[in-house]
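Asker: Sequence first, then the predicted structure, then my questions.
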Amino acid sequence: MASLGLCAVACAVASLRAAALTLPQHEPEPLSLAQASPEHPIGDPRPADLARWSSGPLTVEASTLHHAEVRSLVGGYNLSIAAFDRWADSMVSAELLAGNGWETRRVSELCRLYREGGAVGNFLDVGANIGTFTIPLADCLSGSGRVLAVEGMPPTADHLVAGILESKLKNVDVYTYAVGAPEDPKRVVMSLNPVNKGGSAVQGTKPFTNMTDDQLQHLFHPGKKEQKYAKKVVVEEFSVQLTTGDHMLWHNPGMKAIAIAKVDIEGYEGRFIRGAQQLFSKYPPCFMTIELIPEWLERAGTPVQEILDQLTRWDYKNVPTLDELRRPTTDSKTRTVEQRDMAKCMQRVRSYASQQ
């Protein structure tokens, strides 16, 4: 992952501590989405009532919740994450259950950034998966900021909420929606990846979501042609309500105080950006780590250059070029961009965070 430029941010935050902050006297009304219509209604997003999960998961069997732990970054205790079986999720869950954590260095850096800045502002986690960022950062921000976690895949949301409840976190808003563009239908089909739950995606965005049974078998069990040597691959599908980043903004004032965002939704990043024009033009996250994989983005109808141009217009720096994103290395696909005027951005975050 790209560096978050912690030194620059820490200096900017330090310079703001003595600044006198004032809120705008006249807050402009949010613009309506002109593209919305009865044929393409947009969800009215509200955070989920986590009490609904108090008796257990809503979609999966309780036996699919496997207890994993990560160390708190602010105290001498562990936090719980409800992992999938290691064979059903050979990436994130397998690493957690083996005691290796998941992207622990980057999560630690984000926590340090918040703590050094007085834990001011919120963290937006678009594509929260089972909570490897949401849970430790909610613990890091406890008592000062909130985590706004978006996870549309129902089985994954079950695991996410189970970990939040077991860790006794009170500062997480969970949005069980897919996020997209204003012209998208109000519901989309999401495909659950049979071996990598974090790789689940909106149907059509990634090749596996449209494959035949034989193609899936070859993809996930290459070379194992006989059924007795390979478990049959089944891709479960779920109809999920869709909303936009701007509708989340209009219903949750905490969206105005996003210090850092992570956007990782397996090719739907561009559609999220199309549906978050108000958010990015008025209240852009000061830092945003975003996955940009050209093939998936283009399959979703969002040309990569369109996204890069948008980020530049919203005054982000460190925006990659298209040639850089087309390099074969995985690390080149995930980039952290930051606002050019960091002092101004942090001042705005501090102003709105004080109103929460």
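Answerer: Done, it's in.
Asker: Identify the single longest strand in this structure, thanks.
Answerer: Longest strand of the chain, by residue count under DSSP state E: strand 236-243.
Asker: Name the residues of that strand that come out as buried.
Answerer: 238, 240, 241, 242, 243 (16 or more other CB atoms under 10 Å). The C-beta positions use only the backbone N, C-alpha and C, and glycine is treated the same way.
Asker: ok, the residue nearest to residue 245 when sequence neighbours are not counted - how many residues close by?
Answerer: Computed as CB to CB, 6 or more residues apart in numbering, the closest residue to residue 245 that is not its neighbour in sequence is residue 276, at 2.9 Å. For residue 276, the neighbour count with other CB atoms under 10 Å is 26.
Asker: looking at it, residue 276 is touching residue 250, isn't it?
Answerer: No. Under the criterion of CB atoms under 8 Å, residue 276 is not in contact with residue 250, lying 11.3 Å apart.
Asker: returning to what we had before: which residues touch the residue nearest to residue 245?
Answerer: 179, 244, 245, 246, 249 (CB atoms under 8 Å, 6 or more residues apart in numbering).
Asker: Okay, now the unreliable bits of the stretch 151-300 of the chain?
Answerer: The stretch 151-300 of the chain contains residues with pLDDT under 70 at 221-231.
Asker: one more time with 90
Answerer: Across the stretch 151-300 of the chain, the ranges flagged by pLDDT under 90 are 208-235.
Asker: where along it do the helices fall?
Answerer: For the stretch 151-300 of the chain, applying DSSP state H, counting those that start in this stretch gives helices covering 154-166, 213-220, 245-251, 269-274, 277-282, 294-299.
Asker: Which of those sits closest to residue 346?
Answerer: For residue 346, the closest of the helices of the stretch 151-300 of the chain is helix 277-282, at 15.5 Å, according to CB to CB.
Asker: Any chance you could give me the closest one in PDB, C-alpha atoms only?
Answerer: Output in PDB follows, covering the C-alpha atoms of helix 277-282 (Å, rounded to 0.1, in the frame of the first residue of the first chain):
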ATOM      1  CA  GLN A 277     -20.200  14.100  -6.200                       C
ATOM      2  CA  GLN A 278     -21.500  16.200  -3.400                       C
ATOM      3  CA  LEU A 279     -19.300  14.400  -0.900                       C
ATOM      4  CA  PHE A 280     -16.100  14.900  -2.800                       C
ATOM      5  CA  SER A 281     -16.700  18.400  -4.100                       C
ATOM      6  CA  LYS A 282     -17.600  19.800  -0.600                       C
END
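Asker: now residue 257: how far from residue 150?
Answerer: Distance, residue 257 to residue 150, using CB to CB, to the nearest Å: 16 Å.
Asker: what's the helix or strand for residue 124?
Answerer: Assigned by DSSP states H and E, residue 124 belongs to strand 122-126.
Asker: what is the orientation angle of that strand with helix 154-166?
Answerer: Taking axes from the mean of the first three to the mean of the last three CA atoms, to 10 degrees, one finds strand 122-126 and helix 154-166 inclined to each other by 150 degrees.
Asker: just to revisit the earlier point, which two among the contacts of residue 276 are spaced furthest apart?
Answerer: Longest distance between any two of the contacts of residue 276 is 11.5 Å, between 179 and 249; criterion CB to CB.
Asker: Between the two, tell me which one has more neighbours.
Answerer: Ranked by neighbour count (other CB under 10 Å), residue 179 and residue 249 place residue 179 first, with 30 against 21.
Asker: contacting residues for residue 133?
Answerer: Residue 133 is in contact with 103, 107, 110, 123, 125, 262, counting by CB under 8 Å, 6+ apart.
Asker: repeat that with 10 Å
Answerer: For residue 133, the contact set (CB atoms under 10 Å, 6 or more residues apart in numbering) comprises 102-103, 106-107, 110, 123, 125, 127, 147, 149, 260, 262, 264, 289.
Asker: Which of those fall within strands?
Answerer: Of these, the ones assigned to strands by DSSP E are 123, 125, 147, 149, 260, 262, 289.
Asker: Which of these has the largest number of neighbours?
Answerer: That'd be residue 149 among the ones in strands among the contacts of residue 133, by other CB under 10 Å, with 30 neighbours.
Asker: how near is the closest residue to it other than its chain neighbours to residue 309?
Answerer: Once flanking residues are discounted, residue 149 sits nearest to residue 128: 3.9 Å by CB to CB, 6+ apart. If you measure residue 128 against residue 309 using CB to CB, the figure is 27 Å.
Asker: Neighbour count for these two, which is higher?
Answerer: Higher neighbour count among residue 128 and residue 309: residue 128, with 28 against 12, using other CB under 10 Å.
Asker: could you check the distance from that one over to residue 278?
Answerer: From residue 128 across to residue 278, the span is 22 Å (CB to CB).
Asker: Give me the most central residue, the protein.
Answerer: Nearest to the mean C-alpha position of the chain, by CA atoms, centre = their mean, lies residue 126 at 2.0 Å.
Asker: how much space between residue 180 and residue 271?
Answerer: Counting by CB to CB, the gap from residue 180 to residue 271 is 4 Å.
Asker: sorry, back to before: residues shared between the contacts of residue 179 and residue 249?
Answerer: Common neighbours of residue 179 and residue 249 (CB under 10 Å, 6+ apart) are 45, 276.
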